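Trainee: okay, predicted coordinates and the sequence, questions at the end:
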Amino acid sequence: TPQSRIRNFSIVAHIDHGKSTLADRLIQLTGTVAERDMKEQMLDAMDIERERGITIKANTVRIDYPAKDGHTYVLNLIDTPGHVDFAYEVSRSMRAVEGSLLVVDATQGVEAQTLANVYTAIEADHEIVPVLNKIDLPASDPERVKTQIEDVIGIDASEAVEISAKTGLGIPDVLEAIVKRLPPPHGGDPDAPLKAMLVDSKYDQYLGVICIVRIVDGTLKKGDRIRMMKTGGTYDVDDVGIYRPAMTGVDSLGPGEIGYLNASIKQVRDTRVGDTITHERKPCDKALPGFKPSIPVVFCGLFPVDTSDFEDMRDAIEKLALNDASFSFEMETSAALGFGFRCGFLGLLHLEVIRDRIEREYNIELITTAPSVVYHVHMRDGSQHDLHNPADMPDMSKISHIEEPRIKATILVPDDYLGDVLKLCQDRRGLQMDLTYVGGRAMAVYDLPLNEVVFDFYDRLKSVTKGYASFDYEITGYREDNLVKMQVLVNDEPVDALSMMVHRDRAEMRGRAMCAKLKDLIPRQMFKIPIQAAIGGKVIARETLSAMRKDVTAKCYGGDATRKKKLLEKQKAGKKKMRQFGKVDIPQEAFISALKMD
Ligand code: GDP
Ligand code: MG
């Protein structure tokens with residue numbers, strides 16, 4: 001296909017504004033997929049993606065579109081992850097295309113991720129076509145939303161396409177706009193040495209690693225011997241093809257085209273997204289500008305509830321890591337929880353997705369310890385450590401100072417809830433950077449410690465705004481603050497899995513809340529149990545759990561044997577989910593609940 005007949009684009013939108021539905025309609029209207037094979041959310045491949053309505057890996061689909069000008073165009077849509085945890089992946093795949101459809105729900109208007117995603121598209125030099133979706137709904141107000149797009153984002157929305165991705169209204173106009181208003185790929189030379197961008201890679205159980213590639217110069221064919229310029233790896237290409245969205249082999253891919261290659265690469269870790277692919281024999285002289293790899297920012301311990309699951313868990317984690325280069329892990333032993341893994345994630349959603357998959361796909365029940373960010377610990381002797389786990393905190397007397405990661409958070413919220421949002425940010429040590437109003441909505445920009453956001457900030461934000469706020473963040477850098485490690489002692493034994501880093505000024509409050517929660521969560525035992533929070537040797541909060549008789553069958557006066565048996569079984573099942581600390585059983589949910597702040 002000549003480049004003038006190619007259009008490469010992505011769709012950017014806030015979650016639930018209709019990105020997947022629009023992609024489905026585009027695929028359907030162009031007959032890319034036979035009607036009987038059409039299912040909802042075609043591009044969201046993994047079960048977990050479908051269920052949660054999120055995209056984790058970049059997906060691509062090629063659509064042939066006979067335009068009104070009589071020519072047939074090749075449209076390549078790259079679907080990118082929409083969630084803040086994967087912002088980095090989004091910015092990478094955006095570099096593989098020239099334009100974006102900016103989908104905004106006309107009943108809602110511009111939200112935090114609309115902004116974040118559209119700015120990424122603007123940074124990637126995209127031409128942008130605004131699309132107002134859900135105009136079938138009586139509550140939609142396209143005119144107001146157009147004004148909002150112009151005021152807040154600063155792009156012309158006078159020619160926004162008004163559609164209903166649900167009913168199909170306006171979809172032909174979207175296709176025409178793609179052809180007329182988005183630019184074709186520029187400058188590729190089919191006779192030059194091969195230069196292709198590795199957009200993303202994923203693991204397929206049967207085929208091994210599949211790479212999504214965007215050809216810049218030259219031609220890629222089956223049988224070619226290729227070299228990855230950054231990693232240096234060389235491979236024989238077994239297959240090249242395109243997604244329709246089913247994998248379809250083609251003879252070759254030329255400049256401007258997007259497709260896949262399969263070259264018996266063993267693991268995703270052997271590929272670097274953003275790497276330049278060229279021919280081994282006739283390489284291009286200059287690689288494309290690369291990308292920094294995405295690095296994990298949130299760490300937590302994952303331990304099997306049943307210690308005999310440890311080997312299965314190792315197996316599960318290794319398999320998942322094959323397909324996810326941004327997920328890191330190393331073995332960890334905890335005095336209380338036994339053998340497990342310290343794992344690093346791009347964010348909380350990423351953490352939840354991986355944890356869910358281990359539990360569901362591998363049937364292993366897990367205990368998750370408090371998520372922690374990465375601190376920079378500067379020692380008096382001048383050395384510096386990255387601290388991933390509060391349990392590894394060096395002796396306070398040897399530390400000069402500690403730095404923590406900070407974020408820039410953007411929150412959009414209807415005026416009515418603004419007060420609650422500002423209070424929440426203040427409570428979490430936030431510094432206000434900006435506050436502006438646009439048509440009944442406020443946009444608050446805060447500088448916040450990541451540590452205060454990783455645990456339950458988003459849940460709290462949703463609850464104080466009844467779900468009306470939207471939120472997005474980026475990490476801005478590290479700053480020194482008065483940070484200490486708070487330990488929790490149950491029956492005078494430190495429970496390492498409950499240790500956390502906190503700001504000194506908030507330690508008492510957090511300690512008290514934690515002890516009170518634990519008092520409710522830990523079942524009474526035959527003896528009295530002190531529950532304490534401490535910094536160094538100094539106790540800062542304390543509760544006492546009073547003693548109780550534990551024999552649950554005592555009140556079943558002899559008689560009913562089956563009832564007695566049931567009760568004992570129930571108690572046994574309950575026990576499986578507990579962990580013993582010295583002489584005390586702590587139920588699994590305590591590890592999560594105790595850390596939530598209200
Ligand atoms: P995504 O998160 O941006 O991919 O959004 P989805 O495509 O999953 O859509 C979110 C919800 O909005 C789904 O329940 C869709 O059925 C619904 N939806 C999408 N487009 C329209 C539309 O044009 N009109 C109406 N009424 N609902 C829509
Ligand atoms: Mg979607």
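Mentor: Okay, I see it. Quick caveat, the model's predicted, so the values are computed rather than measured. Ligands and ions are numbered 1, 2, ... in the order given.
Trainee: what is the neighbour count of the closest residue to ligand 1 within the stretch 251-400 of the chain?
Mentor: Closest to ligand 1 within the stretch 251-400 of the chain is residue 349: 13.5 Å, counting by CB to the nearest ligand atom. Where C-beta positions appear, they are placed from N, C-alpha and C, glycine not excepted. Residue 349 has 19 neighbours, counted by other CB atoms under 10 Å.
Trainee: return the list of helices and strands in contact with the longest helix anywhere in the chain.
Mentor: Longest helix in the chain by number of residues, with DSSP state H as the criterion: helix 504-521. Contacts defined by 3 or more CB pairs under 8 Å, 6 or more residues apart in numbering; DSSP states H and E place helix 504-521 against strand 483-490, strand 529-535, strand 538-545, strand 584-587, helix 589-593.
Trainee: given the second one, what are its sheet partners and their directions?
Mentor: Strand pairing for strand 529-535, using DSSP bridges, gives strand 483-490 (antiparallel), strand 538-545 (antiparallel).
Trainee: go on, the fourth one?
Mentor: Strand 584-587 has its sheet partners listed here by DSSP bridges as strand 578-581 (antiparallel).
Trainee: mean confidence (pLDDT) on the partner strand, please.
Mentor: Mean per-residue pLDDT for strand 578-581: 58.
Trainee: where does the prediction get shaky in the stretch 1-150 of the chain?
Mentor: Within the stretch 1-150 of the chain, the segments meeting pLDDT under 70 span 32-58, 81-89.
Trainee: right, is the host helix or strand of residue 65 up against ligand 1?
Mentor: Here residue 65, judged by DSSP states H and E, is contained in strand 59-66. No - using CB under 6 Å from any ligand atom, strand 59-66 stays clear of ligand 1, coming no nearer than 11.9 Å.
Trainee: burial count for residue 306?
Mentor: Neighbours of residue 306 using other CB under 10 Å come to 13.
Trainee: buried ones in the strand holding residue 65, by neighbour count?
Mentor: Buried residues in strand 59-66, counted by 16 or more other CB atoms under 10 Å: 59, 60, 61, 62, 63, 65.
Trainee: looking at those, which is nearest ligand 1?
Mentor: Nearest to ligand 1 out of these is residue 59 (CB to the nearest ligand atom; 11.9 Å).
Trainee: near ligand 1, which residues of the stretch 101-250 of the chain show up?
Mentor: So the stretch 101-250 of the chain meets ligand 1 at 133, 134, 136, 137, 164, 165, 166 (CB under 6 Å from any ligand atom).
Trainee: at 8 Å instead, please
Mentor: Within reach of ligand 1 by CB under 8 Å from any ligand atom, the stretch 101-250 of the chain has these residues: 103, 105, 133-137, 163-167, 169.
Trainee: looking at this structure, which helix or strand is least sure?
Mentor: helix 47-52 (a mean of 54; mean pLDDT, DSSP states H and E).
Trainee: and the residue nearest to residue 160 when sequence neighbours are not counted, how close does it get to residue 63?
Mentor: Residue nearest to residue 160 in three dimensions, not counting chain neighbours: residue 130, with 3.9 Å by CB to CB, 6 or more residues apart in numbering. Noted for residue 130: a distance of 20 Å to residue 63, by CB to CB, to the nearest Å.
Trainee: so which of the strands paired with strand 529-535 gets nearest ligand 1?
Mentor: strand 483-490 (36.9 Å).
Trainee: got the angle between the closest one and helix 504-521?
Mentor: If you take axes from the mean of the first three to the mean of the last three CA atoms, to 10 degrees, strand 483-490 sits at 20 degrees to helix 504-521.
Trainee: quick check: mean pLDDT across the helix or strand just after strand 483-490?
Mentor: With elements assigned by DSSP H and E, the helix or strand that comes after strand 483-490 is strand 493-494. For strand 493-494, mean pLDDT rounds to 87.
Trainee: and strand 493-494, how far out from the chain middle?
Mentor: Remark: strand 493-494 is offset 34 Å from the chain centroid, using CA atoms, centre = their mean, to the nearest Å.
Trainee: check which helices and strands that strand sits against.
Mentor: Partner elements for strand 493-494 (3+ CB pairs under 8 Å, 6+ apart): none found.
Trainee: who are the contact partners of residue 286?
Mentor: Going by CB atoms under 8 Å, 6 or more residues apart in numbering, residue 286 touches no other residue.
Trainee: can you confirm it is in a helix?
Mentor: No - Residue 286 is assigned coil when assessed by DSSP: H, G, I helix; E, B strand; the rest coil, not a helix.
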